[in-house]
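A.B. asks: Give me the fold of what follows.
(chains A and B)
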Amino acid sequence: DTAVSQTPKYLVTQMGNDKSIKCEQNLGHDTMYWYKQDSKKFLKIMFSYNNKELIINETVPNRFSPKSPDKAHLNLHINSLELGDSAVYFCASSQGYLSTDTQYFGPGTRLTVL
Amino acid sequence: KNEVEQSPQNLTAQEGEFITINCSYSVGISALHWLQQHPGGGIVSLFMLSSGKKKHGRLIATINIQEKHSSLHITASHPRDSAVYICAVGLGGSEKLVFGKGTKLTVNP
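C.D. replies: You can find the predicted model right below:
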């Protein structure tokens, strides 16, 4: 019974396309995150939602738009995909939004933009 | 310069060896996390520290707030410990985590 799930696991697409990645957690957590891991394996926060409210919005191109329909879901929509968007995107969740809260990660979505 | 520095970048050990991975940070923090990323890509949280020391099985994590330094130790290392170990800090005044670049550990049988 997966705690944090993401779909799809792999996404290969052409430059200029629009794509979405979905994330769901069944842990009853209030906070969800999107992270980007680049080719050098460096993780960086993109967005964080607490109770469907955006609380962290890092310097990310506005082609990236998160959407949280409810506390259990946080989707990431990317418009006009660029080569530099190729990365692994991880969703995570935690009970609270404090940096002391343990985060639980999804399996990642490997996005390849051709 | 990254706010979180890890050393070494790569570490190769023989099964049974005692392993130490270091993490230094340059700013005040509210919390420090150690994470493990498996070869298959999955990320698991190992510890959250705000002071002192924590132990779970063969893993021990320590933090020295004054020296802005944390260590992750693995006793009696095993090939299944092979993974990337990532240090992340919660910056004081911010609830986001800032990550180190990870330490890739390979334990040979």
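A.B. asks: can we go C-alpha only for contacts and neighbour counts from here?
C.D. replies: Noted.
A.B. asks: all strands of chain A, in order?
C.D. replies: Shown for chain A, the strands assigned by DSSP state E span residues A:4-7, A:10-13, A:19-25, A:31-37, A:43-50, A:53-57, A:64-70, A:73-78, A:87-94, A:104-105, A:109-113.
A.B. asks: Comparing those strands by mean pLDDT, which bottoms out?
C.D. replies: Here the lowest mean pLDDT among the strands of chain A goes to strand A:53-57, at a mean of 88.
A.B. asks: and stretch B:89-102, is it in reach of chain A?
C.D. replies: Yes - applying Cα under 8 Å from any Cα of the partner chain, one finds stretch B:89-102 touching chain A at B:V89, B:G90, B:L91, B:S94, B:E95, B:K96, B:L97, B:V98, B:F99, B:G100, B:K101, B:G102.
A.B. asks: Tell me who's in contact with the last one.
C.D. replies: If I follow you right, that is B:G102. Residues near B:G102 by Cα atoms under 8 Å, 6 or more residues apart in numbering or on different chains: A:K41, A:F42, B:Q6, B:Q9, B:V84, B:Y85, B:I86, B:C87.
A.B. asks: Closest to A:S68 out of those?
C.D. replies: Minimum distance to A:S68 across those is 25.0 Å, recorded for A:F42 (Cα to Cα).
A.B. asks: Neighbours of that closest one, how many?
C.D. replies: Here the number of neighbours of A:F42 (other Cα atoms under 10 Å in any protein chain shown) works out to 14.
A.B. asks: Tell me how far it lies from B:R58.
C.D. replies: Noted for A:F42: a distance of 26 Å to B:R58, by Cα to Cα, to the nearest Å.
A.B. asks: ok, back up a step: please identify which of the strands of chain A is closest to B:A76.
C.D. replies: B:A76 sits nearest to strand A:104-105 of all the strands of chain A, at 26.6 Å, using Cα to Cα.
A.B. asks: rewinding a little: in strands, which of the residues of stretch B:89-102 next to chain A fall?
C.D. replies: Of those, the ones assigned to strands by DSSP E are B:V89, B:G90, B:L91, B:L97, B:V98, B:F99.
A.B. asks: contacting residues around B:S70?
C.D. replies: Residues in contact with B:S70 (Cα under 8 Å, 6+ apart) are B:N22, B:C23, B:S24, B:A61, B:T62, B:I63, B:N64.
A.B. asks: And for stretch A:35-49, what's in contact with it?
C.D. replies: A:31-34, A:54-60, A:66, A:68, A:74, A:86-92, B:96-102.
A.B. asks: ditto for stretch B:25-33
C.D. replies: Residues from elsewhere that reach stretch B:25-33, judged by Cα under 8 Å, 6+ apart: A:99-100, B:3-5, B:45-50, B:68-69, B:87-93.
A.B. asks: and the contacts of B:S70, which are buried?
C.D. replies: B:N22, B:C23, B:S24, B:A61, B:T62, B:I63 (16 or more other Cα atoms under 10 Å in any protein chain shown).
A.B. asks: okay, those residues in JSON lines with distance to chain A, secondary structure and pLDDT next?
C.D. replies: Compiled in JSON lines, these are given as follows (distance: Cα to the nearest Cα, whole Å; DSSP: H, G, I helix; E, B strand; the rest coil; pLDDT from 0 to 100):
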{"residue": "B:N22", "distance to chain A": "17", "secondary structure": "strand", "pLDDT": "98"}
{"residue": "B:C23", "distance to chain A": "15", "secondary structure": "strand", "pLDDT": "97"}
{"residue": "B:S24", "distance to chain A": "16", "secondary structure": "strand", "pLDDT": "97"}
{"residue": "B:A61", "distance to chain A": "15", "secondary structure": "strand", "pLDDT": "98"}
{"residue": "B:T62", "distance to chain A": "16", "secondary structure": "strand", "pLDDT": "97"}
{"residue": "B:I63", "distance to chain A": "14", "secondary structure": "strand", "pLDDT": "96"}
